[in-house]
Structures are given as C-alpha cells and as structure tokens.
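Engineer: I'll drop the sequence and a predicted model, then ask my questions.
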Amino acid sequence: MEYLFFTLFSSIAVISALLVITFRNPVHSVVSLIVCFFQVACLFVLLRSPFLAGAQIFVYVGAIMIFFVFAVFLMDFKSSMAKERFGKMTVYALPVAVLMFLEVLMLIVKGPFAKMGAQPADVQKMMDLGQSTKAIGMVMFTKYLLPFEIISVVLLVGFVGAVVLTVKEKKGE
Amino acid sequence: MLKDFLKTVFLWDLVQGMRLTFRYQFKKVVTMHYPDKEKWVPYDRFRGLHYQAVDEEGELKCVACELCARICPAGVITIEAYEDDKGVRRPSVYEMDLHRCAYCGLCVEVCPEDAINHGAGYEFAGFDRADAVMSLEKLLKNKPNETDPEKMGTVASARFIRDKDGIRVEEDGKKRYRWW
Amino acid sequence: MEALLASDIFWVVFKSFLAVAIIFGLPLPFTWLERKIAGHIQVRPGPMRVGFHGVLQPIADGLKLFLKEDIIPTGADKFLFKAAPFMALIPYIAIFVAIPMSDEAYVSNMDIGVLYVLAIGGLSIYGIIMGGWASNSKYALLGGLRAAAQMISYEVAMGFAVIGVIMMAQSLNMQDIVLAQQGGFLNWNIMPHKQLIAFFIFMVAGFAEANRIPFDIPEGEGELGAGFHTEYSGMRFALFALAEYAAMISISALAAVLFLGGWTSPVGFLDFVPGIVWFVLKTLFMVYLFMWTRFTWPRYRYDQLMTLGWKFLIPLGVANVLITGLFVIDF
Amino acid sequence: MGHAIPMEYYLIISALLFTIGIIGVMIRRNVIVVLMSLELILNAVNINFVTFSHYLGNMTGRVFSIFTMAVAAAEVAVALAIAVNLVRVRKTMEIDEIDTLKW
C-alpha cells in the first residue's frame, strides 16, 4: 500500500518537475511546479511529517508560487514566452548533470547511507514524535531559538527589500 | 462624544444595517403575483393595445380616411380602402405592425371618427413575428378599456392559463384590491 | 460483505464520497435559500413558480446551465481554461474532509487539522487566477489578479485569527479544539472573554476568502463584467458557482467548529440531542449570516478592501495573539 | 504499519529532483523558469532533510526544512523583485541578454 502511494507521488513529482523545465510558456511551468510541490508534500506525509506537509503546501504552494504567478502576469506575456526552448549550453550541460546524478546515485546505493539503515526501535519512536506537532515546536523553540529568530529577521529583510526594489520612484520627490 | 466612540468601536452602523434587513424579512411582500395569482387592471387613460371601435349598430366606425396612417411617425398602419354597398368608404385592409409602434397615441388623437382607440391590453408578447401584426379582425376583438371606475387601477385575482388557445392570464373576479 | 464493512479502506472511501456528495448536493438548496432570503429582505417573495414556493428552481437552473453550450474563447489557453473550475472547487471538498461533524462523524481526524484546512483552503485561488488568465480577456485577468491579492491578504488575517483559537486549545487537532470548548455556550470561543475579536477577524476574512459580498471585487460585475468568470459559460460557470457555495459552506462549518463549539450543545440539559444536529444548526446559522450580509452591505472598493485587510485586520489579529498569549501562558 | 520503503528510495527521488533543477538552471534562459528550477533544488534538499530526520531519528532535519522554507520565501521575494525590475528596464526575460556586468 505504502509502496503504491510512494510510486504514485514520486513519479508524478518527477514528471511534473521535468515538465517545469520543458514547457515554453512560463505559466504552464508554474502550474506543473505547483503539482510537483504538492506531490513533495504528499511524500512528507509518507515520511510521517504531517506538519511539514502542511507547511510545504502553505508556504510553497500557497505563497511562493503565487509570487511566481504574479511575476509572470506582471510581465508582458509575449516577452515572457521563451524565444528558444533551450539555450546554447544544453549540449554541455546535460552530460554534466547526468554524470552528477549518477555520482550521487552511486553515493546513495554504495555509500555510507546504505549501510546505516534505520534502527527499528528508534523509528517507532520517531514516527510518534514526527506526527506530533509539539515535538517540532519543542526543538525549534528551545535548541534552535536563535536560528529561528535570525530566520525571521531574514524574512523581514527580504520582504522589505522586495518592496524597495519594485516600488517605482515618484518624480519630484 | 463617548457614545460616538463606543458606537465606532462596536461597529454600531453595521449592527443597525443588519437589524434593518433582518426586520424586512418578516414584512409582508409588496410585489404583485402577476401571472400566477394577480393581474393589474389599467386606468381608462392607459395607452395599451389598440382596438377598432364600432357604433351602436355594430358597424365599423372607420372610414379609411388614412389620417392615422399619414400621421404615424413609424409607419405602423397600412390601409387599403373600398366602397361598400351604402357608398361609404371602408377599409378592406387595416394592418398595424406593432413591432414598430411606440404607443405615442397620435393615430388615436387624429382620428376624426374615434374609430381607432387605445385599449387596456398589455399582454401582447408572442411566439411569432406574425403575432404582433394586427389585422382588422384582431383589432376588433381586442379588449376596450375598463369603464367601471371602481375597477380601474386595481389588482384583480387572476389565473394563469396555458391551453391549446395559447397562454393568457384571465381574471377570475374572486378578489380585487387597490394598489395604492 | 462483513469483511468489506470491517475494512478501514472501505469506510475511508465511503466517508470521502459522502463529503463529496455533501459539497455537490448542498449548493442546490442553498441557492434556493439565498434567493428566498434575498427576496424577503427586498420585500418580495423570491422564486415562486417552479415547484412549491420555487423549491425546484435550482434544479431548473442547474439543468439549464448543464445543457448550455460550453464556449471556449479563441486565444484562450485551452487546458488551463478547462481545468480552472475544478482547481477552484476541489480544495473545498478537501477541506470538508478534515472538519469533524461530531465526535464520531468525521472523515479524517488529523493532528494538523487546522493547518491543513488553512493550507488547502488557500489553493482554490489558483482556480480563480488561472481561470482569469486563461480566458485571454482583460476583465478576467484583472478579476483574477484582484482575487489573488485579496485572498493572499486575507489569508494572513485568517491565520492570525485561527492562531488565537489554537492557543486556547493548545492543539492543531479539530477534535481537541472542540473539546476545549465543551460545557455550555459560555465556553465557546465566540464569547467575549475568549476569542470574540478572533471570531470577528475570521468572519471578515472568511467573507473575503469566499469572494462574497461585501468583498466580491474579483467578480465586481459593476466594473469588471463578471470578473474572473466573464468568459465562462454553461457547466464550467456552474462549477465556479458551486465553488463559491462550497467555500461558503466550508468556512461556515469551520467557524462552527472553531468558534461556536462544534458539535457541543449550548446548554447542559440539551445534551441528549445528537452532536451532529448542533453542528448542522450552527453551520446553517453561519450560512444564513453569509446570505444576510450579502443583501445588507454594498461592495467595498478595491483600495478600501486592502486598507481594511492590511491596516486594520492584521494588526488587530497580531494584538489578539499577543493578548491571548498573555492569558494562556503558565506563570 | 511498518516503514516498508527503504531510505534510499527517498534519496533517489530527491537526487532526481535536484538534477532536474540543476539542468533547468543550466539550459533554460528564461529568468522565471531559472528561479523555479532553484526552488526545485531547494525542495529536493528539503526531502533529504526530512528523510534523514525520519530514518535517523533526529528532529533537527525537520526543523531545518522549515528554515529552508522561510529562506526560500525570502529569496523568492527578492529574486522576483529583481526579475520584474529587469524586465521593466531591459525589456527582456532572457538571462543571456542581461550581460552588462561581463565587460
């Protein structure tokens, strides 16, 4: 059962990710990226992290992708169409990327992670922990309180920066 | 001052508006149930569907003088005349194409014989373009205005009828009340 | 058969179908109800001709819409144009899955119930914005962009309102939130000593999320034709209308759970009434509030709407969270 | 309810998404699509974080994926602001044509 869902979610995620980089129209790319993020959220559920799945949908699908949609709509549509689907670098880039993927694959299959496996007793505990939102909150607001605060400052700076960048200066002021 | 402030804080305007519309829901409805249950009886002065008047002997009043056809700004009326046995001009064809008619009443005003008149009819929707072209027979059949001043300007109870003769709304005379 | 009844999967599928049926079935009586309420507020009877007092009117309307031609404008993005109405409707069905109707009648009792509802509820905006863009019409695009701006702004306000409730219950789970409001109407979150401000923010944001008057500027028939669904006709238009009603129903149900105590009875001696009856009554009341409001207030202007959202509701929401935090904390 | 799926599967999916993101950054010239590919990369990293957190029994990975999301949100806001400005000033979305700094 779990395998079935895993296959479904992951295959849709990969296919839609491929579509993101092949569509000529940026709006179509945005839609397939939304699908991809949604599937990743589903994978998070399979990984027993419902809170993260909710956050993924809330932040990525609900907020970040809206930014993209807005940006595409704000730009002139005809100029937002890609002139050519792929750039000149495709010939060099593809082999390099595939090689890199193969390397990572070797690392995963043959490397230290494969031997590590998972400790069954711990996993049961972790599943209970992961399902409760409390556990994440406990770690985030005690051990990682300082990073949390810094992240919020980063967010604030980011949004102020975005506003500053996009506001048109009024003449005469 | 304090009262105004409190009203602002507790959104008193919104509450008042909601209260008003809530009360309105329980008022008696004021609309006329037109085709199903009730029907409006127009006044004498109402400029509705035209009709051709007849005199006491049942003879057509129209003498086909064509004044109405001349004065009509939209060219609604077509008249062809003939001379009957008594040597009087009568219309052989008297057609009104009501698609173009604006119910301005000039034809009625100009008629020297008081033959063409405005009637009380206002239900002249049809399923065919030909329905709106009034021949002499149809004009003779059209209903003249209500003459009883008691009935004028009232809402009469009526029935909606749909049978092989078509669709119409007929008064059943059970109830009648003044609109104003 | 017994094995089927005993299996979890069967029940999950059955309940999901029930949720879908509710979302698809309820809008029919609700359109009739809305038109009746509209009529009586305007001192007229509303639909009267089809069936007894017009109860069959929605069926006639639905038939008409489904039999009409499905027009796709030239220059429209065909795939997105066809998909947009479903994108607008499906999230609300998904929301309904997480809302507990009583202590037993729920499809899924999620630990992250409220977060799930907020996250999924934000997705229906894609249907609206994509529908607006794919129509290749300036009115539709403007309506879609307005919808996006409006829903993003008000989602923030709604989130702050819900955080207050979460802090009271100390849980994201809907069941826990309802259980925290047990024991008569004095314990409901709507009471002034609990979360009245949050309820106010939630309802205003809910009106905006559901694109209902006074915040229906994405449609704005006065200035935008019909906004994002200007180019839609027939069945797809009906789906957008369905999505609007589904939004109204799910936000009403959510308000009933979060603020009106869900399935708990208002006073102790009425405990014998089944929980689901209370839930339905409360939801119906909220739906009535939606309709009542629609025919009371005029539409907001676009800038007024943004001012209300960002300069009033969100600061109020933050203040509410801070005050709630002061009272909830264990010293 | 065991956890039947081996950890490697999730890692492979994450690696696939990561590679697709890298390819997208390298071969696409549209600034919006390049930004979207970046998001894809960040998401692949998130999957890795959560997978390790789940299988190795440590909450830190989950917390960090939340941080990643926050940083991604800030990054997208700034990056899209820059992109919108670029399109306004240079009237193009092709990143190859924005090469004034190469001189």
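Structural biologist: Good, I have the coordinates. Residues are numbered from 1 along each chain as shown, chains lettered A, B, ... in the order given.
Engineer: need the contact list for the residue positioned nearest the centre of chain A.
Structural biologist: Nearest to the geometric centre of chain A sits A:Phe37, at 6.0 Å (CA atoms, centre = their mean). The neighbours of A:Phe37, taking CB atoms under 8 Å, 6 or more residues apart in numbering or on different chains as the test, are A:56-57, A:60-61, A:65, D:43. In short, each C-beta sits where N, CA and C put it, glycine included.
Engineer: ok, the helix or strand harbouring D:Val76 near chain A or not?
Structural biologist: In the assignment (DSSP states H and E), D:Val76 maps to helix D:60-90. Yes - against chain A, helix D:60-90 shows contacts by CB under 8 Å from any CB of the partner chain at D:60, D:62-63, D:65-67, D:69-78, D:80-85, D:87.
Engineer: Distance-wise, check the closest residue to chain D within chain A relative to A:Ile150.
Structural biologist: With CB to the nearest CB, the shortest gap between chain A and chain D falls at A:Gly158, namely 2.9 Å. Separation of A:Gly158 from A:Ile150 (CB to CB, to the nearest Å): 12 Å.
Engineer: again with C:Phe237
Structural biologist: From C:Phe237 to A:Ile150 the distance is 49 Å (CB to CB).
Engineer: higher neighbour count, the two?
Structural biologist: C:Phe237 (19 against 13; other CB atoms under 10 Å in any protein chain shown).
Engineer: How about the secondary structure of B:Arg168?
Structural biologist: strand (DSSP: H, G, I helix; E, B strand; the rest coil).
Engineer: and it, what pLDDT?
Structural biologist: You'll see B:Arg168 listed with a pLDDT of 80.
Engineer: so what's the residue nearest to it when sequence neighbours are not counted up against?
Structural biologist: Leaving aside its chain neighbours, B:Arg168 sits nearest to B:Ile161 (5.6 Å; criterion: CB to CB, 6 or more residues apart in numbering or on different chains). The contact partners of B:Ile161, taken as CB under 8 Å, 6+ apart, are B:167-170.
Engineer: returning to that earlier point: restricted to helices, list the contacts of A:Phe37.
Structural biologist: Mapping these onto helices (DSSP state H) picks out A:65, D:43.
Engineer: Now do B:Glu80 against B:Glu66, distance only.
Structural biologist: B:Glu80 sits 10 Å away from B:Glu66, going by CB to CB.
Engineer: Tell me which of those two has more neighbours.
Structural biologist: When neighbours are counted by other CB under 10 Å, B:Glu66 comes out ahead of the other of B:Glu80 and B:Glu66, with 15 against 11.
Engineer: From the contact counts, what lies against the longest helix along chain B?
Structural biologist: Ordering each helix of chain B by length in residues (DSSP H) puts helix B:12-24 first. If contacts are counted by 3 or more CB pairs under 8 Å, 6 or more residues apart in numbering or on different chains; DSSP states H and E, helix B:12-24 sits against helix C:27-41, helix C:275-294.
Engineer: just for chain A, where's the confidence low?
Structural biologist: A:76-87, A:113-131, A:170-173 (pLDDT under 70).
Engineer: Do you have the helices of it handy? List them.
Structural biologist: Secondary structure of chain A (DSSP H): helices at A:2-22, A:26-46, A:50-55, A:65-74, A:77-80, A:90-110, A:112-116, A:120-131, A:133-142, A:145-166.
Engineer: Determine which stretch of those helices is the most buried.
Structural biologist: Stretch with highest mean neighbour count among these: helix A:50-55 (a mean of 24; mean count of other CB atoms under 10 Å in any protein chain shown).
Engineer: That one packs against which elements?
Structural biologist: helix A:26-46, helix A:133-142, helix C:113-121, helix D:60-90.
Engineer: Any chance of these in JSON lines with distance to B:Gly153 as columns?
Structural biologist: Output for the helices and strands packed on helix A:50-55, formatted as JSON lines (distance: least, CB to CB, whole Å):
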{"stretch": "helix A:26-46", "distance to B:Gly153": "62"}
{"stretch": "helix A:133-142", "distance to B:Gly153": "72"}
{"stretch": "helix C:113-121", "distance to B:Gly153": "55"}
{"stretch": "helix D:60-90", "distance to B:Gly153": "66"}
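Engineer: Quickly check: the longest helix along chain C near chain A or not.
Structural biologist: In chain C, taking DSSP H as the definition, the longest helix is helix C:138-169. Yes - interface with chain A: helix C:138-169 contributes C:141, C:144-145, C:148, C:152, C:155 (CB under 8 Å from any CB).
Engineer: Pull out the buried positions in that helix.
Structural biologist: C:139-169 (16 or more other CB atoms under 10 Å in any protein chain shown).
Engineer: Any idea which residue is closest to the centre of chain B?
Structural biologist: The structure's chain B has its C-alpha centroid closest to B:Tyr122; by CA atoms, centre = their mean the separation is 2.7 Å.
Engineer: got the contact list for that one?
Structural biologist: Contacts of B:Tyr122 were listed using CB under 8 Å, 6+ apart, and they are B:42, B:46, B:48-49.
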